[in-house]
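> give me a model of this one.
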Amino acid sequence: MFYARKEMDINNLLELEINFEADTTMKLRAVIVRKQYNIEKSHLYEYGARFKDLGKADGKVLTKFIFQEQRKLLKKGLI
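Numbers count the residues shown, from 1 in each chain. Sure, this is the predicted structure:
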């Protein structure tokens, strides 16, 4: 899930560049699968996306990063 000010359509193809803390950068492709205008965060759209052509090694790096971020949020009591 991510937020953006720009309205995009379902099935739009995204080219993403994700910068991790460990100076690792990944370039990935994803397709928008869900879109919702977020009233609480005015002027922002909330999107869900599915990665395309995600290799096994990149999937592992991404999964590890997500779990690390979730642990940080849990420690702060944010989730």
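
> okay, CA-based contacts and neighbour counts for the rest of this
Noted.

> how close does residue 32 sit to residue 42?
With distances taken as CA to CA, to the nearest Å, residue 32 is found 20 Å from residue 42.

> who has more neighbours, these two?
In this comparison of residue 32 against residue 42, neighbours counted by other CA atoms under 10 Å, the higher total goes to residue 32 at 18 against 9.

> toward the C-terminus, what is the element adjacent to whichever strand or helix holds that one?
Of the helices and strands defined by DSSP states H and E, residue 32 is found in strand 25-38. Later in the chain than strand 25-38, the nearest helix or strand by DSSP H and E is strand 44-52.

> could you check the angle strand 25-38 makes with that next one?
Calculated by axes from the mean of the first three to the mean of the last three CA atoms, to 10 degrees, strand 44-52 forms an angle of 140 degrees with strand 25-38.

> ok, then the element right after strand 44-52?
Heading C-terminal from strand 44-52, the first helix or strand you meet, by DSSP H and E, is helix 56-75.
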